[in-house]
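Colleague: for reference, the sequence and a predicted model appear below.
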Amino acid sequence: MSIKPSLINYRNTHIIPFRFEYYEPGSLKEVFEILEKLGNAAKILAGGTDLLVKMKTRQVEPKALVNIKRIKELKGIVDEGDRIRIGALTTLRELEESSLIAMHLPALHDAVKQMASIQIRNMATIGGNLCNASPAADTAPPLLVHEALVKTASIEGERIIPITEFFKGPGLTVLKPTELLVEIIVNKENGSSAFSKMGRTAMDLAIASVAIYLKTRGDVVEDVRVAAGAVAPTPIRCPRTETMLKGRMINEVSVELVRVIEEEVKPISDVRATAEYRRHLVKILAYDVFHKAVERSRGGT
Ligand SMILES: Cc1cc2nc3c(=O)[nH]c(=O)nc-3n(C[C@H](O)[C@H](O)[C@H](O)COP(=O)(O)OP(=O)(O)OC[C@H]3O[C@@H](n4cnc5c(N)ncnc54)[C@H](O)[C@@H]3O)c2cc1C
């Protein structure tokens, strides 16, 4: 009697069901040359935690993959005294383990700690999270409130772009098909920051997320920046909420006061939540994150 595999084994969804060319360049120059030659036909592969899932489900079918993991200059976190440079290939796990990030960009540290699983965080990169351009990308709101700059490069040279101008819509950025995100640059500031999100389960993308940067003078909010995720076609800054909070006494900041954020966001209803629930949630998150940032500004963790 022979044992036969069940039919399900013939329908393994974990395979990539089409042919593609594969490149593994050893230098940035080589990457640029390949991208210049292939243009739209090629996709950059970093950690692959978004891209390979999309390829397996045939949402994207690139003719070629350009794996950039061997390019050393895209890796690592550099302390430059007054600013921090984060290479696009820096993994979420490296960010989570960095005391420099925890000290100077606490909102980003909060975000990477809450993302996916350790296995995914070991593979996934910050560049991939930004370039995938999900409205729910968790590293985006922290970088928005820390007013990060992103550096891109191609055969034509480099560009420095404020992160506020990087996202164009769901899955869309200002990057040209021949261009690579190279690094993220953030100035060190003496305020505090925090981030929080709510998902359906521990491993799910956010239903809504909020990051806040805060600088206080005594009990007064001297400066504040607010950003939200998963509540608009791109991660967004919330200038009306910022205006509402600036100059206030800390103890007068209530859920009612941050209610204005409900009017700034433009959520949709989808599998994760209704637009109404997202509006409600973003207001509660804004209140909580504000007070978490206050606590940090007073020496808490
Ligand atoms: C189980 C699971 C849980 C997840 N949980 C979360 C979560 O909680 N929060 C969250 O935000 N995300 C989550 N993700 C999504 C994903 O892990 C992250 O978005 C991750 O940071 C993507 O990085 P990557 O290096 O794997 O990108 P890749 O998949 O390699 O690339 C993503 C996209 O960016 C492009 N790209 C990558 N790097 C560059 C570059 N340097 N220049 C130009 N283009 C580039 C690629 O071509 C591709 O289009 C989850 C994914 C899984 C599978």
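Modeller: Arrived safely. Since the structure is predicted, the reported quantities are computational estimates derived from the model, not experimental observations. Numbering: from 1, shown residues only.
Colleague: mind checking how far residue 136 is from residue 87?
Modeller: To residue 87, residue 136 is 23 Å away according to Cβ to Cβ, to the nearest Å. C-beta: built from backbone N, CA, C; applies to glycine.
Colleague: ditto for residue 270
Modeller: Using Cβ to Cβ, residue 270 is found at 33 Å from residue 87.
Colleague: those two - which one has more neighbours?
Modeller: Neighbour comparison, residue 270 and residue 87: the larger count goes to residue 87, with 22 against 11 (by other Cβ atoms under 10 Å).
Colleague: identify the residues contacting the more buried one.
Modeller: Residue 87 makes contact with 73-78, 127, 182-183 under the criterion Cβ atoms under 8 Å, 6 or more residues apart in numbering.
Colleague: for it, what are phi and psi?
Modeller: When read as degrees, to the nearest 10, the backbone of residue 87 gives phi -60, psi 150.
Colleague: please enumerate the helices of the protein.
Modeller: Assigned by DSSP state H, the chain shows helices spanning 28-38, 51-56, 92-97, 99-104, 106-113, 118-123, 126-131, 140-145, 239-245, 260-264, 275-297.
Colleague: to residue 221, which of the ones you listed lies closest?
Modeller: Checking the helices of the chain against residue 221 by Cβ to Cβ gives helix 239-245 as the closest, at 5.4 Å.
Colleague: ok, back up a step: out of the contacts of residue 87, which are buried?
Modeller: Buried members of these, scored by 16 or more other Cβ atoms under 10 Å, are 74-75, 77, 127, 182-183.
Colleague: looking at those residues, spot the one nearest residue 154.
Modeller: Residue 154 lies nearest to residue 182 out of the buried ones among the contacts of residue 87, by Cβ to Cβ, at 9.8 Å.
Colleague: which positions in this structure make contact with the ligand?
Modeller: Within the chain, the residues that sit near the ligand (Cβ under 6 Å from any ligand atom) are 43-51, 53, 88, 115-116, 120, 123-125, 127-129, 131-132, 136-138, 175, 180-181, 203, 205.
Colleague: excluding residues flanking it in the chain, which one is nearest the most centrally placed residue in the chain?
Modeller: Residue closest to the mean C-alpha point of the chain, counted by Cα atoms, centre = their mean, is residue 139 at 2.7 Å. Excluding the flanking residues, the one nearest residue 139 by Cβ to Cβ, 6 or more residues apart in numbering is residue 129, at 4.8 Å.
Colleague: measure that neighbour to residue 242 for me?
Modeller: Residue 129 sits 24 Å away from residue 242, going by Cβ to Cβ.
Colleague: neighbour count: those two, which is higher?
Modeller: Just comparing residue 129 and residue 242: by other Cβ under 10 Å the higher neighbour count belongs to residue 129, 24 against 21.
Colleague: quick check: the more buried one touching residue 138?
Modeller: Yes - between residue 129 and residue 138 a contact is recorded at 7.0 Å, counting by Cβ atoms under 8 Å.
Colleague: give me the residue from the stretch 1-150 of the chain nearest the ligand.
Modeller: residue 128 (2.1 Å; Cβ to the nearest ligand atom).
Colleague: what's the separation between that residue and residue 215?
Modeller: 31 Å.
Colleague: the two: which is more packed in?
Modeller: Between residue 128 and residue 215, counting by other Cβ under 10 Å, residue 128 is the more crowded of the two (25 against 17).
Colleague: residues touching the more buried one, list them.
Modeller: Counting by Cβ under 8 Å, 6+ apart, residue 128 makes contact with 46-51, 88.
Colleague: counting neighbours, which of those comes out on top?
Modeller: residue 88 (27 neighbours).
Colleague: contacting residues around the helix or strand of the chain with the lowest mean pLDDT?
Modeller: Least confident helix or strand of the chain, by mean pLDDT, DSSP states H and E, is helix 51-56 with a mean of 90. With contacts defined as Cβ under 8 Å, 6+ apart, helix 51-56 is touched by 13-18, 20, 43, 45, 60-62, 65, 128, 132.
Colleague: what's the PyMOL line that selects buried ones from these?
Modeller: Here is the PyMOL command that picks out the buried ones among the contacts of helix 51-56, judged by 16+ other Cβ under 10 Å:
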select buried, resi 43+45+62+65+128+132
